[in-house]
Every structure is written in structure tokens, then in C-alpha cells.
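>>> quick one: sequence plus predicted model below, questions after.
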Amino acid sequence: MTDIAEETDSEHYLLQAKVRTPEMEMSVLGANVAAAADLDIAEINPANPHLFREDRWQEHFARLRSEDPVHFNELETAGRYWSVTKYDDVRAVDGDWETYSSASGITLGLKEAPTSGNIQTFIAMDPPKHTEQRKTVRSVSAPSNLRNIEPMIRERTAALLDSLPEGEEFDWVNTVSIELTTLMLATLFDFPMDDRSKLTRWSDIVFAIPEPGGVIETQQQRIDELTECVHYFDKLFEERRGNPGFDLVSMLANGEATKDIPPFEQLGNLLLLIVGGNDTTRNTMTGSVYGLNKFPDQYDKLLADPDLISSFVPEVIRWQTPLSYMRRTATRDTELGGKQIKKDDQLLMWYISANQDEDVFEDAHVLDVERHNADRQLSFGYGIHFCMGSRVAELQLRVLWEEILQRFARIEIQDEPERIYSSFVHGYSKLPVKVTRK
């Protein structure tokens with residue numbers, strides 16, 4: 001089997017340890033960044049991961065939406081890139097795959113990435129390859145399948161909530177959000193339940209920024225652990241080729257567009273599905289508890305009228321925005337928002353900013369369980385790359401809150417959350433809470 005360092009040296013999440021990434025550069029340059037009001041507009045760089053760990057991104061995006069909605073930055077590692085921060089501009093980029101391609105990657109990348117051994121995911125492809133590979137697995141979120149899995153989701157959710165201690169502080173992230181989403185992901189993959197914590201770990205390390213004491217400390221650690229992921233799934237692929245079921249591994253192992261992809265190249269699609277099924281939903285589950293505590297009048301409304309769950313679910317997905325951005329790369333010279341975009345420039349579509357655009361969402365910073373247009377949120381993207389797992393995520397959130405409202409008078413946070421050190425994954429590593437049963 002080919003060495004992973006050779007197979008994956010051009011992809012953002014498997015760079016060799018000696019390669020300096022944009023995230024590493026910004027983690028040094030961006031420490032102790034000033035408040036947005038104290039910076040010249042040209043100095044603002046919303047891709048700074050410190051802004052997200054410190055929960056200070058809001059003011060930086062507000063200035064960009066107001067003063068420079070298509071905003072230029074340049075880094076030694078990444079080269080030229082633009083932050084697209086207004087709702088209509090983000091939709092315009094996301095909806096035009098011919099001008100703004102996904103094929104070079106979905107996160108801020110290296111200016112001069114190697115070209116050999118590139119691992120791809122179908123989210124980082126353009127038609128027709130994107131269409132063919134996406135079609136292989138999209139049936140997992142078909143309405144008929146959702147109806148089949150809802151009773152299982154409800155049973156698991158109810159059992160977990162029933163097991164929570166009353167009046168005793170515990171971590172909502174680890175106890176509830178991670179457990180529920182990992183159970184769901186293991187089911188979708190038909191992954192051995194005893195090993196399901198591996199899925200959480202692999203998801204956590206994909207976009208983690210190496211730092212002492214962090215999720216990972218070096219790029220080499222990421223390579224070593226994702227090598228284990230490749231080998232583990234390679235065994236599952238071999239088993240499912242001869243005995244397929246209705247699960248994501250079987251679909252990839254037997255699909256016409258994916259069955260002949262070598263194991264290390266298949267890693268891209270696996271990580272896409274792992275992160276898409278784990279990080280995003282779990283962070284919105286946590287964000288829902290945090291948001292309702294931050295806006296207790298909205299919590300009161302939801303408690304008084306559980307029918308509001310139907311509007312609360314898209315609203316909390318908007319308010320949380322679990323993936324802050326997606327990247328595109330210009331295929332030609334073009335113009336956006338009055339700015340001249342050059343061929344090969346990177347563009348970051350900031351969903352987290354578009355979902356805060358006051359021109360679309362009144363009082364956008366507020367979590368409003370009765371918001372009439374919450375379903376216009378862009379957290380799932382727009383166009384051909386619209387998240388195929390969106391309905392599964394919405395189902396999990398709906399069931400969770402239906403079961404919560406039946407059991408608890410309140411879930412109260414005990415302290416501010418600890419947040420993930422990333423400008424891509426917008427999430428939480430810890431949220432201390434106490435529950436009071438009805």
C-alpha cells in the first residue's frame with residue numbers, strides 16, 4: 001500500500017508536518033487581534049481562528065458587510081483570497097459553479113499546493129464527477145429512509161435524556177451532542193458500535209489546527225491517525241463488496257462512480273461524510289441549548305408552545321451556522337460586488353456572515369423561534385452543493401427538542417462554553433449545564 005505522505009500531500013487536511021498552512025500562519029499573526037472598530041478596514045481578516053475561539057467574529061463581519069462586503073486579504077501561505085460576506089453575494093458565488101469552482105478545495109488552501117496524489121471529495125468537485133459521486137450516497141437522506149430511521153433516533157434520544165443526572169453539572173457536548181450524533185453516524189455507516197468513538201476522533205482532527213495541548217499537536221499526528229482511518233474503512237469496504245447493505249460504506253463500495261476509487265483516495269469522501277454527519281449536527285445541538293439560554297424569552301416561548309419547534313429548527317441552524325464558510329476558486333477573471341476577481345483567486349463564502357445579514361434577517365443576532373424566514377438560511381449552502389444530509393440534521397434536531405420539552409422544565413448553562421479553535425468549523429468543545437425535570 002502506498003505511503004500516505006505521498007498519496008495525500010496536496011490536500012489541506014493531510015499536509016506533511018514541514019508544510020506551513022494558512023491556519024498556522026494566522027494562528028501566529030492573529031493572536032490578540034484588536035477589536036474591529038480599532039482596525040483599518042484593510043487589516044480585518046475574518047479567517048483568523050482566534051476570533052472564533054474568543055467568540056469575537058461578529059463585529060468584524062458587521063464592518064465588512066457594511067463597508068467592504070467583498071473583502072481582499074493576502075497571506076504568504078495562501079496567496080490572494082476574498083471574503084464574501086453579504087447574503088446575495090454568497091448565493092451568487094455558490095450558485096455559479098462554472099465561474100467559482102470547488103475542484104481546488106473547500107477550505108482556504110496553499111498558494112502553491114503540490115499537484116501529485118490529490119485526494120478529492122465530491123463536495124470538492126464540479127459536474128459531471130460531482131453529480132455522479134454524490135448520486136451514489138444521496139438515497140440515505142431520501143424521505144422514505146428518514147421515516148424508517150426516525151423511530152430509532154427517537155428511542156435513542158429518549159433513552160439518553162432519561163439517563164441525564166438532575167441538578168448535577170455535566171458537559172452537554174460530550175454527554176449528549178457527541179453521543180447522539182456519533183450513534184447516528186455509526187448507523188449510517190453500519191460502523192461497529194463498540195468503535196464508534198473513532199468516528200468522533202477522526203472528525204475532530206480533520207480541520208483541527210495543530211497547537212500544543214490541542215486536538216492535535218502536529219500535522220504528522222493527523223497523518224498517522226487518518227492512516228488508521230483509511231485502513232479501518234478499507235476492511236469494511238472489502239466486507240461490503242461481497243455483502244452490501246443499505247449504508248454509506250456499501251453505497252461507496254458498490255457504486256459505479258466510487259467502487260474503483262483506491263482506499264487512500266476514498267478517504268476524502270469518507271471524511272466528508274464523517275464531518276458532515278458529526279461536526280455540524282453536534283455543534284447545532286449544543287448551540288441550541290446555548291442560544292436558548294442566551295435568549296431566555298425565546299426559551300419561554302418554546303416551552304409554552306412546542307409547535308414552535310418547526311420554526312426553531314431552521315432558526316437555530318441559521319443562528320449557529322456550524323460551518324462558517326466554504327471556499328471556491330475563480331476559473332476566470334470576473335467581477336463581484338464591484339471588485340475585480342482574478343483567475344485562480346480564492347473566495348471564502350462566509351455563510352456565518354450571510355446568515356447575519358440584516359438586509360435579509362431582521363435583528364439577525366437574535367435567536368428568534370418565530371422568525372418567519374428562517375428557512376432562507378444558508379448554513380446548508382446553495383446550488384449544486386446544497387448539503388445532502390440537511391434533512392437528517394433537521395430530523396435529529398427536531399426529535400431532540402420534542403423529547404427535551406417533554407422531560408425538562410429547563411436546561412441551564414453553568415458557564416460560557418469552550419469553543420473550537422477554527423475558522424471553518426464553528427462549534428463547541430465544552431458546555432457545562434444542569435437539567436431540571438418536569
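On my side now, so go ahead.
>>> so who does the residue nearest to residue 426 when sequence neighbours are not counted touch?
Excluding the flanking residues, the one nearest residue 426 by C-beta to C-beta, 6 or more residues apart in numbering is residue 324, at 4.6 Å. All C-beta atoms are positioned from the backbone trio N, CA, C, and that covers glycine. Contacts for residue 324 (C-beta atoms under 8 Å, 6 or more residues apart in numbering) come out as 52, 57, 350, 351, 352, 423, 424, 425, 426.
>>> how much space between residue 324 and residue 49?
10 Å (C-beta to C-beta, to the nearest Å).
>>> for residue 223, same thing?
Distance from residue 223 to residue 49, by C-beta to C-beta: 21 Å.
>>> repeat that for residue 375.
30 Å.
>>> quick check: next helix or strand after the biggest helix by length in the chain?
In the chain, with assignment by DSSP state H, the single longest helix is helix 263-294. Going down the chain from helix 263-294, the next helix or strand is helix 296-304, by DSSP states H and E.
>>> so which bits of the longest helix of the chain are buried?
263-294 (16 or more other C-beta atoms under 10 Å).
>>> tell me what angle it forms with helix 296-304.
Here helix 263-294 runs at an angle of 100 degrees relative to helix 296-304 (axes from the mean of the first three to the mean of the last three C-alpha atoms, to 10 degrees).
>>> what mean pLDDT does helix 263-294 get?
When pLDDT is averaged along helix 263-294, the result is 85.
>>> for residue 333, what are its contacts?
Here residue 333 is in contact with 340, 341, 342, 343 (criterion: C-beta under 8 Å, 6+ apart).
>>> among the residues you listed, which lie within strands?
340, 341 (DSSP state E).
>>> among the contacts of residue 333, who's most crowded?
residue 341 (23 neighbours; other C-beta atoms under 10 Å).
>>> now it: how far from residue 383?
18 Å.
>>> try residue 190
The value you get for residue 190 to residue 383, if C-beta to C-beta is used, is 31 Å.
>>> compare neighbour counts for these two and give me the winner.
residue 190 (17 against 13).
>>> the nearest residue to the more buried one once chain neighbours are set aside: neighbour count?
The spatial neighbour of residue 190 that comes closest, neighbours along the chain excluded (C-beta to C-beta, 6+ apart), is residue 247 at 3.7 Å. Per other C-beta under 10 Å, the neighbour tally for residue 247 reads 19.
>>> need the pLDDT of residue 247.
Confidence score, pLDDT, at residue 247: 82.
>>> isn't it up against residue 186?
No - between residue 247 and residue 186 there is no contact under C-beta atoms under 8 Å: 9.9 Å.
>>> okay, now residue 35: neighbour count?
The burial count for residue 35: 9, using other C-beta under 10 Å.
>>> same check, this time on residue 224
Residue 224, neighbours per other C-beta under 10 Å, totals 13.
>>> same question, residue 367
Neighbours of residue 367 using other C-beta under 10 Å come to 24.
>>> just checking, it touches residue 293?
No - with contact defined as C-beta under 8 Å, residue 367 and residue 293 do not form a contacting pair (9.9 Å).
>>> so who does residue 162 touch?
Residue 162 neighbours (C-beta under 8 Å, 6+ apart): residue 407.
>>> how about whichever strand or helix holds residue 148: buried residues?
Secondary structure from DSSP H and E places residue 148 in helix 143-162. Using 16+ other C-beta under 10 Å as the test for burial, helix 143-162 gives 149, 153, 154, 156, 157, 160, 161.
>>> need the worst-confidence member of those.
Lowest confidence among the buried residues of helix 143-162: residue 149, with 84.
>>> hmm, which helix or strand of this structure has the shakiest average pLDDT?
When the helices and strands of the chain are compared on mean pLDDT, DSSP states H and E, helix 4-7 comes out lowest with a mean of 33.
>>> after that one, next one along is what?
helix 22-29.
>>> who touches whatever helix or strand comes next after that next one?
Past helix 22-29, further along toward the C-terminus, the next helix or strand under DSSP H and E is helix 49-53. Here helix 49-53 makes contact (C-beta under 8 Å, 6+ apart) with 23, 26-27, 30-33, 56-57, 60, 209, 324, 419-423, 426.
>>> state the mean pLDDT of helix 49-53.
pLDDT averaged over helix 49-53 gives 93.
>>> whichever helix or strand comes after it packs against which elements?
Next helix or strand after helix 49-53 toward the C-terminus (DSSP H and E): helix 57-67. Judged by 3 or more C-beta pairs under 8 Å, 6 or more residues apart in numbering; DSSP states H and E, helix 57-67 is in contact with helix 351-354.
>>> tell me what the next helix or strand after the helix it packs on is packed against?
Using DSSP H and E, the helix or strand that follows helix 351-354 in sequence is helix 390-407. Packing partners of helix 390-407 (3+ C-beta pairs under 8 Å, 6+ apart): helix 143-162, helix 178-189, helix 263-294, helix 296-304, helix 309-320.
>>> want to throw those helices into a markdown table with distance to residue 87?
Shown next, in a markdown table, are the helices and strands packed on helix 390-407 (distance: least, C-beta to C-beta, whole Å):
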| stretch | distance to residue 87 |
| --- | --- |
| helix 143-162 | 28 |
| helix 178-189 | 28 |
| helix 263-294 | 20 |
| helix 296-304 | 22 |
| helix 309-320 | 11 |
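>>> and of these, who's closest to residue 402?
helix 309-320 (6.2 Å; C-beta to C-beta).
>>> so after that closest one, what's the next helix or strand?
Taking DSSP H and E, what comes next after helix 309-320 is strand 325-330.
>>> could you list every residue that touches residue 341?
Residue 341 touches 82, 330, 333, 334, 335, 347, counting by C-beta under 8 Å, 6+ apart.
>>> in strands only, show me those residues.
82, 330, 334, 335, 347.
>>> show me what contacts the nearest residue to residue 186 once chain neighbours are set aside?
If the residues on either side of it in the chain are set aside, residue 186 comes closest to residue 196, at 4.1 Å by C-beta to C-beta, 6+ apart. When contacts are counted by C-beta under 8 Å, 6+ apart, residue 196 is found next to 182, 183, 185, 186.
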